[in-house]
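Trainee: can you look at this prediction? I've put the sequence above it.
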Amino acid sequence: VDPTRATQLALGFWPARAFSAAAEVGVFALLEAEGPLPVGVLADRLGLRSPAVVDLLDALVALGVLARDGDAYRSLVVPDPSLLGAADGDAYRAWAELPAALRGERASMFAGLGPDELARFAAAMGEVSAPAHAAVADLVAPGERVCDVGGGDGRLAVAIAERGAVATTFDRLVPDVPGVSAVGGDFFVDELPPSDTAVLCLVLLDWSTDDKRRLLARVAASTGRIIVVDRLGPPDRPTGAFDLLRSLHLLVTVGDAFHYSYDDLVGWLSEVGLVAGPPREVGAGLTLVEGRAG
Ligand SMILES: C[S@@+](CC[C@H](N)C(=O)[O-])C[C@H]1O[C@@H](n2cnc3c(N)ncnc32)[C@H](O)[C@@H]1O
């Protein structure tokens, strides 16, 4: 075993967390807004009282993301907010539970979310799925009954209702949105509202294969057509460390979620009597697939 490599891997979270924590307390945003600052001013402005703030800044200099000119620190990077969302304190706590997740001892994230957390999560998801909303709404006709299953904050259902369709959202969360009837319930247990078209937008991804099939069967029994939007994975199993670790990130943060491929979806849709249309890229890495009665 290469001791240096083993040490790097064992303690690799030190620099990662120093970087994400610096972003979390506002170091990069402040330096971007105000330009170079000495440690005393920076610590005052951010309300950081520990004498170790200078160690953090010097560590970030050593790591190549800050530079020091005299006593002033300046930022060499502008961290991407969506990246930082995957590296915040919640993400670190979730990764601490990786052994339990591997033992199958962690329930789906949704089981543990209270109403406020669920609403915050759904609002964030509504942003992620927003690039796909127009593409879904383009596929519905006026008067068509459309049920957005796992409809979250209801934003997609609003876009559908604006096209003259009769839009319903079904979710544990019951948003108050105009022109949409919001039905609360558990899509694994409760009866789904009957519809001509059901939508599953960023929903299938969150579940194990068995649960994906169970959900598709329940949805198919309530509708004639299913529109699926998700971030699909490649047809072959990934081999790169980043893709594989991202899969573990999904496991620890969401549960037995995984990126499935278009071919997987074609198979699951055919099991419930639907024929999948071709995959369509609808922006922001999202793919739309329609399943229709054959
Ligand atoms: C990743 S979000 C996607 C939300 C929305 N479709 C969008 O694209 O923004 C998944 C949604 O599934 C809902 N959900 C999770 N488990 C559920 C269950 N058992 N029954 C009903 N809804 C559930 C969550 O409340 C959440 O709003």
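Mentor: Alright, I've got the coordinates. These figures come from a predicted structure and were not determined experimentally. Residues are numbered from 1 along each chain as shown.

Trainee: surely Trp14 is within a helix?
Mentor: Yes. Applying DSSP: H, G, I helix; E, B strand; the rest coil, one finds Trp14 inside a helix.

Trainee: for the ligand, what's the nearest residue on the stretch 151-294 of the chain?
Mentor: Gly152 (2.8 Å; Cβ to the nearest ligand atom). The way it works is simple: take the backbone N, C-alpha and C, and place the C-beta from them, glycine included.

Trainee: wait, that residue touches Ala124, no?
Mentor: No. Using Cβ atoms under 8 Å, Gly152 is not in contact with Ala124; the gap is 9.3 Å.

Trainee: picking up where we left off before, tell me the SS of the residue of the stretch 151-294 of the chain closest to the ligand?
Mentor: Gly152 - assigned by three-state DSSP - is coil.

Trainee: dump the residue contacts of it.
Mentor: 122-123, 125-126, 129, 169, 171, 173, 175, 201-202 (Cβ atoms under 8 Å, 6 or more residues apart in numbering).

Trainee: with adjacent residues omitted, what lies nearest to it?
Mentor: Ala122 (3.7 Å; Cβ to Cβ, 6 or more residues apart in numbering).

Trainee: what's near enough to touch the one you found?
Mentor: 152-153, 171, 173, 175.

Trainee: interface residues of the stretch 151-294 of the chain facing the ligand?
Mentor: 151-152, 156, 171-173, 186-188, 201-203, 206 (Cβ under 6 Å from any ligand atom).

Trainee: and the furthest pair within the residues you listed?
Mentor: Of all pairs drawn from these, the widest gap by Cβ to Cβ lies between Leu156 and Phe188 and measures 20.6 Å.

Trainee: biggest helix in this protein by residues?
Mentor: helix 115-137 (DSSP state H).

Trainee: return the distance of the helix or strand that it is followed by from the chain's centre.
Mentor: The helix or strand immediately downstream of helix 115-137 is strand 145-149, counting by DSSP states H and E. In terms of Cα atoms, centre = their mean, to the nearest Å, the centre of strand 145-149 is set 21 Å apart from its chain centre.

Trainee: stretch 198-214 now?
Mentor: Counting by Cα atoms, centre = their mean, stretch 198-214 comes out at 14 Å from the chain centroid.

Trainee: just the CA trace of it, in PDB.
Mentor: Output of stretch 198-214 as PDB, limited to C-alpha atoms (Å, rounded to 0.1, in the frame of the first residue of the first chain):
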ATOM      1  CA  ALA A 198     -49.400  11.200 -15.600                       C
ATOM      2  CA  VAL A 199     -46.000  12.900 -15.200                       C
ATOM      3  CA  LEU A 200     -43.100  11.600 -13.200                       C
ATOM      4  CA  CYS A 201     -40.600  14.500 -13.100                       C
ATOM      5  CA  LEU A 202     -37.400  13.800 -11.100                       C
ATOM      6  CA  VAL A 203     -39.300  11.100  -9.200                       C
ATOM      7  CA  LEU A 204     -38.300   7.700 -10.500                       C
ATOM      8  CA  LEU A 205     -34.600   8.400  -9.800                       C
ATOM      9  CA  ASP A 206     -35.200   8.500  -6.100                       C
ATOM     10  CA  TRP A 207     -36.100   4.800  -5.700                       C
ATOM     11  CA  SER A 208     -34.700   1.300  -5.800                       C
ATOM     12  CA  THR A 209     -35.500  -0.800  -8.900                       C
ATOM     13  CA  ASP A 210     -38.300  -2.600  -7.100                       C
ATOM     14  CA  ASP A 211     -39.900   0.600  -5.900                       C
ATOM     15  CA  LYS A 212     -39.500   2.200  -9.400                       C
ATOM     16  CA  ARG A 213     -41.400  -0.800 -10.900                       C
ATOM     17  CA  ARG A 214     -44.000  -0.700  -8.100                       C
END
